[in-house]
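Chemist: Everything below, folded, please.
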Amino acid sequence: MALLGAQLVITLVMVSLIQKLSPYFSFGRWILCSTGLTRYLYPTDQQLKLLAGIPKEKPKKGKHQENGRTPQTFHVPRNLDITLENAQVTHLDVVHLKYYSEFQWLVDFSVYAALTYVLTEVYNYFYPIKDEINLSMLWCTLVIGFAFKMLVVLWIQYFKGEESVGERSTCIVTGFMYLLIAMMILIVDENTLELGLDKAYSSFNVSATKFLGEQGLSSTGPASKIVLKFFLAVWCGWLGSLFTFPGLRMSRMHWDALRYYKSKIFLVLANISFVSPLFLVCLWIKPISRDYLTARVFTGMTGPIMSVDAFESMRLIAVVGVVVLKLALMPMYLQAYLNLAEQRIENQKKEAGRITNLDLQKKIAAVFYYLCVVTLQFVAPLLMCLFFTFMYKNLGGYSWNGDAMFLPSDECSVNEESQINLNVNTDEVIEATEKTFTETAEDLHLALGSLKQIFTTEVFRGVFGLATWWSCFALFATNAMGMLCQSYFSTS
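Modeler: Residues are numbered from 1 along each chain as shown. Have a look, this model is predicted:
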């Protein structure tokens, strides 16, 4: 219980920080306002009239709006030579943007959850967790839930209105495409793609049947493996559909960033960041990763390159490193997105005809208006990959330093004393009118013990192994699809 008490202290400290520090400092606000982002200002009506040579009109009686100004709608040539002014992004600029509060909350809560996880891991390193609850897993679950919710909210926007027919069709088509890919992947042998689902199903089937038998319920086990894999494939297809437009947006920002930034260091880091999800996907393909690094002995060596435990830790660290690299490059990608306003004006100069001043101003202002939507599309998939990895490491029984994985059998099932206590007569429980705090804690401990009997470490390895690998795969697949689209439309 000492470890649980320490985790409660860490949790209370983080909750206090969220309450006390958030009004004065926000990590989300810092990303938008303190990383040097500049936005482009649309030209005013007076500037457009001066460039187009339109004389000023005298105000007419009876045509006044509520604020006393006359309507300012006029046409200007599309090829008008316009030079946009820029300004530093400030807090007053972003506070009214769409989904700003959601982005700020998601980023801030994710940072505090990551700090909670790190502090808990440091404490667990010196005082290993045994039967206590790991509260950091609750924080990770909340972050994944918030990120998933925001992706769903953005995804639903494509199904509203008649103007988003193309986006709606893209979401549906990619969803079915990822469903088909997931169904094909889930039938691949574990010796080729080691997701651990077969071992997870076997462990869950045995433990669930045993647990139901102890409770006096006859059961032949849970649903068949095919049914479970089908529902997993449906979830994978939906997640792939949610990742579609975030992936397309990230590839577009990567394409633009390579055009605007010519630093060799940035080009190397950006390209490594772009292809790194493919490297993560390959780490779960056994013939080209595990067998090559942990089984094959090269000439001049007495053993393989790394041990099995070190390989498992390397996979976890690789996912974290890729996410951190992408987040570190995030300000430059966001600046590449804001530069779209200037790019739109340059493209418009090549067109013939005329455009109203309001449409021209909206075309430029819309880029900055959707800045928080773009940041959510950039951040949410990465946070899901990161916190899926955290849960995969802890619930799967892995370590960060390559030590042996802890899988003691007495911790994966309920001991005899717990099983006896689970079968206490319910009438005696009902007759008890008062319970001390210690007795309540013991009951909670027994309930968690019964859950451990069903959801073993092998089950968590299969579930979160699939979630981690598939999120990395969907991230790479959508980015690659977006890059193909960019290369096609840029050359056509």
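
Chemist: going forward, measure contacts and count neighbours with C-alpha atoms only.
Modeler: Noted.

Chemist: what bridges to Q88?
Modeler: Q88 forms beta bridges with T38, as assigned by DSSP bridges.

Chemist: wait, isn't it in contact with G36?
Modeler: Yes - at 7.0 Å, Q88 counts as touching G36 under the criterion of Cα atoms under 8 Å.

Chemist: Enumerate the helices of the stretch 201-350 of the chain by residue range, in sequence order.
Modeler: 225-242, 244-260, 264-282, 290, 308-328, 330-338, 340-348 (DSSP state H, counting those that start in this stretch).

Chemist: And the ones you listed: which comes nearest K20?
Modeler: helix 308-328 (25.5 Å; Cα to Cα).

Chemist: and the angle for the closest one with helix 330-338?
Modeler: Angle between the axes of helix 308-328 and helix 330-338 is 40 degrees (criterion: axes from the mean of the first three to the mean of the last three Cα atoms, to 10 degrees).

Chemist: element containing I10, please.
Modeler: For I10, the host element (DSSP states H and E) is helix 2-21.

Chemist: tally of neighbours for N347?
Modeler: 11 (other Cα atoms under 10 Å).

Chemist: mind checking pLDDT for it?
Modeler: What the model reports as pLDDT for N347 is 88.

Chemist: how about it, what does it touch?
Modeler: Residues near N347 by Cα atoms under 8 Å, 6 or more residues apart in numbering: none.

Chemist: Please report the distance of it from A341.
Modeler: Remark: distance between N347 and A341 (Cα to Cα, to the nearest Å) = 10 Å.

Chemist: Just the pLDDT for the closest residue to M177 other than its chain neighbours.
Modeler: Distances taken as Cα to Cα, 6 or more residues apart in numbering place G237 nearest to M177, at 7.3 Å, with adjacent residues excluded. The model reports G237 with a pLDDT of 95.

Chemist: Can you pull out the low-pLDDT segments for the stretch 201-350 of the chain?
Modeler: Applying pLDDT under 70 to the stretch 201-350 of the chain flags residues 214-223.

Chemist: If we use 90, what do you get?
Modeler: 201-228, 259, 262-263, 291-307, 346-350 (pLDDT under 90).

Chemist: which residues of the stretch 1-150 of the chain fall in strands?
Modeler: With strands called from DSSP state E, counting those that start in this stretch, the stretch 1-150 of the chain shows them at 38-41, 75-77, 85-88.

Chemist: need the least confident one among those, by mean pLDDT.
Modeler: Lowest mean pLDDT within those: strand 75-77, a mean of 87.

Chemist: Direction included, what does that strand pair up with?
Modeler: Neighbouring strands of strand 75-77 in its sheet, by DSSP bridges, are strand 354-356 (antiparallel).

Chemist: what's the distance between W255 and V281?
Modeler: When W255 is compared with V281 (using Cα to Cα), they lie 22 Å apart.

Chemist: so H254 touches Y333, yeah?
Modeler: Yes - counting by Cα under 8 Å, Y333 is a contact partner of H254 at 6.5 Å.

Chemist: residues near L371, how many?
Modeler: Neighbour number of L371 under other Cα under 10 Å is 22.

Chemist: can you check L239 too?
Modeler: The burial count assigned to L239 is 23, neighbours taken as other Cα under 10 Å.

Chemist: For Y201, give me its contacts.
Modeler: Residues counted as contacts of Y201 (Cα under 8 Å, 6+ apart) are 225, 459.

Chemist: make that E190, sorry
Modeler: Contacts of E190 by Cα under 8 Å, 6+ apart are 196, 198.

Chemist: Let me know the pLDDT of T457.
Modeler: T457 is assigned a pLDDT of 88 by the prediction.

Chemist: how near is the residue nearest to M177 to P331?
Modeler: According to Cα to Cα, G237 and P331 sit 30 Å apart.

Chemist: quick one, which of the two is more surrounded?
Modeler: G237 (25 against 18).

Chemist: Next, the contact list for the more buried one, please.
Modeler: Counting by Cα under 8 Å, 6+ apart, G237 touches 174-180, 182.

Chemist: make it 6 Å
Modeler: 175, 178-179 (Cα atoms under 6 Å, 6 or more residues apart in numbering).

Chemist: Could I get the buried residue list for stretch 477-492?
Modeler: Within stretch 477-492, the residues that count as buried by 16 or more other Cα atoms under 10 Å are 477-480, 482-483, 486.

Chemist: Narrow those residues to those in helices?
Modeler: 477-480, 482-483, 486 (DSSP state H).

Chemist: From those residues, which shows the smallest pLDDT?
Modeler: Within these, pLDDT is lowest for Q486, at 81.

Chemist: gap between that one and L360?
Modeler: Distance, Q486 to L360, using Cα to Cα: 24 Å.

Chemist: do the same with F489
Modeler: 23 Å.

Chemist: T457 too?
Modeler: 58 Å.

Chemist: And I317, by the same measure?
Modeler: From I317 to L360 the distance is 47 Å (Cα to Cα).

Chemist: go on, Q453?
Modeler: From Q453 to L360 the distance is 63 Å (Cα to Cα).

Chemist: Comparing these two, which residue is more hemmed in?
Modeler: It is Q453, of Q453 and L360, that has more neighbours when counted by other Cα under 10 Å, with 22 against 19.

Chemist: Report pLDDT for that one.
Modeler: The per-residue pLDDT of Q453 was computed as 72.

Chemist: So which of the strands of the stretch 1-150 of the chain is nearest L154?
Modeler: In terms of Cα to Cα, the element of the strands of the stretch 1-150 of the chain nearest to L154 is strand 38-41, at 23.1 Å.

Chemist: neighbours around the closest residue to V111 other than its chain neighbours, how many?
Modeler: By the measure of Cα to Cα, 6+ apart, the closest residue to V111 outside its immediate chain neighbours is F27, 7.8 Å from it. Residue neighbour count, defined by other Cα under 10 Å, stands at 19 for F27.

Chemist: pLDDT at F27, what is it?
Modeler: Value for F27, per-residue pLDDT: 92.

Chemist: How much space separates it from G145?
Modeler: 19 Å.

Chemist: Repeat that for S34.
Modeler: The value you get for S34 to G145, if Cα to Cα is used, is 28 Å.

Chemist: again with I285
Modeler: For I285, the distance to G145 - Cα to Cα - is 28 Å.

Chemist: try D359
Modeler: Applying Cα to Cα to D359 and G145 gives a distance of 38 Å.

Chemist: just S307 next, same as before
Modeler: For S307, the distance to G145 equals 35 Å [Cα to Cα].

Chemist: Same question for T244.
Modeler: T244 sits 18 Å away from G145, going by Cα to Cα.

Chemist: Of those two, which one has the most company?
Modeler: Shown here are T244 and G145; by other Cα under 10 Å, T244 has more neighbours (25 against 13).

Chemist: Thought T478 was touching the more buried one, still the case?
Modeler: Yes - if you go by Cα atoms under 6 Å, T244 and T478 touch, sitting 5.5 Å apart.
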